[in-house]
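Visitor: Below are the sequence and a predicted model for it; my questions follow.
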Amino acid sequence: MFWYKKQLRRFLLDCGVNQGIMGQLDWNQYKRTIIAQLIDGMSMNPQLYSEELLRVAVAVAKIGDPKWLLNVPDRGKSLYDDAVERINDFAARMKPIIENDDAKQAAESRKAAAQKRQQAEADMAAAVAALKSEFAKITQMEAQTRGYAFEKFLTRLFQAFDIDARGSYKINGEQIDGAFTLDSVDYLLEAKWQSKQIDTPDLATFSDKVDNKLDNTLGLLISMNGFTERAINNNRRQRPKVLLMDGRDLSAVLERVIDLPELISRKKIHAAQTGEIMVSAFQLAYS
């Protein structure tokens with residue numbers, strides 16, 4: 001199947017053959033002799049090399065079309081025809097072993113994927129638990145200190161859920177509490193932790209900030225103490241550009257009732273379908 005030793009060496013390395021064994025082969029010999037040395041060396045220690053020997057055999061059976069042999073001067077066509085016949089014969093004899101090996105690899109892949117998911121979930125649970133602890137400390141802070149800490153907390157919360165987020169910044173004298181990208185949509189973030197509910201003027205001011213950015217930019221306004229009915233309903237007079245999130249929504253995220261990316265995505269879908277910019281996380285999670 002391999003007319004040149006360089007191709008043979010590359011094939012064996014791609015199969016994962018132990019480089020220690022590769023180094024023991026006499027590459028000055030004929031290719032058949034080299035292969036015989038390899039198989040004999042592996043067969044003498046099956047406990048160590050049986051998996052590698054199986055990988056080589058499976059790889060040979062799966063070669064399919066050794067079209068590179070057609071490039072061999074003068075003898076290319078005859079070498080190719082002979083190789084195809086031998087490969088097909090070997091593949092037929094290897095079919096039960098290959099099917100068993102494929103099933104084994106599929107099972108191992110599923111197991112590895114399940115373990116990866118479990119680890120990711122454990123990591124997420126630990127990250128959210130740490131954020132819950134941090135949030136509890138923020139609730140005990142004075143108002144001015146609390147606002148700044150709340151912005152920092154939200155940036156870490158977004159990042160914990162693998163949302164591409166940045167913290168507060170200023171542009172042309174305009175204060176932006178944060179920004180993030182989710183599902184290829186850019187959002188500006190405004191965070192409010194005031195004793196009163198957010199009313200229409202604050203919402204209008206934030207909407208103006210969003211309007212001054214590129215088309216298709218949206219906004220997410222988070223108010224721990226919620227919004228007045230006038231603020232929620234006033235936005236219906238025009239195309240919604242800002243989604244609203246309150247303290248109960250944040251609680252749902254920290255309690256893992258619904259994950260943050262899903263919450264924002266479903267709020268966006270709900271607003272697109274109904275024009276309503278405020279819908280409860282619990283309503284979305286249990287609907």
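Guide: Yep, that arrived. Please read all numbers here as calculations on a predicted model, not as lab measurements.
Visitor: What are the boundaries of the helices in this structure?
Guide: Remark: helices assigned in the chain by DSSP state H are 5-14, 19-24, 31-43, 46-61, 76-138, 143-160, 200-211, 229-234, 247-254, 260-274, 281-286.
Visitor: Averaged pLDDT, the fourth one. What do you get?
Guide: If I follow you right, that is helix 46-61. Helix 46-61 shows a mean pLDDT of 85 in the predicted model.
Visitor: Just the C-alphas of that helix, formatted as PDB.
Guide: Taking C-alpha atoms only, helix 46-61 is exported to PDB below (Å, rounded to 0.1, in the frame of the first residue of the first chain):
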ATOM      1  CA  PRO A  46       0.600  -8.000  23.600                       C
ATOM      2  CA  GLN A  47      -0.300  -6.500  27.000                       C
ATOM      3  CA  LEU A  48       1.600  -3.400  26.000                       C
ATOM      4  CA  TYR A  49       1.000  -3.100  22.300                       C
ATOM      5  CA  SER A  50      -2.200  -4.900  21.400                       C
ATOM      6  CA  GLU A  51      -4.200  -1.600  21.200                       C
ATOM      7  CA  GLU A  52      -1.600  -0.100  18.900                       C
ATOM      8  CA  LEU A  53      -1.500  -3.200  16.700                       C
ATOM      9  CA  LEU A  54      -5.300  -3.100  16.400                       C
ATOM     10  CA  ARG A  55      -5.200   0.600  15.500                       C
ATOM     11  CA  VAL A  56      -2.700  -0.200  12.700                       C
ATOM     12  CA  ALA A  57      -4.900  -3.100  11.400                       C
ATOM     13  CA  VAL A  58      -8.100  -1.000  11.500                       C
ATOM     14  CA  ALA A  59      -6.300   1.900   9.700                       C
ATOM     15  CA  VAL A  60      -5.100  -0.400   7.000                       C
ATOM     16  CA  ALA A  61      -8.700  -1.800   6.500                       C
END
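Visitor: Show me how far that helix is from its chain's centre.
Guide: Here the centre of helix 46-61 is set off from its chain's centre by 32 Å, with C-alpha atoms, centre = their mean, to the nearest Å.
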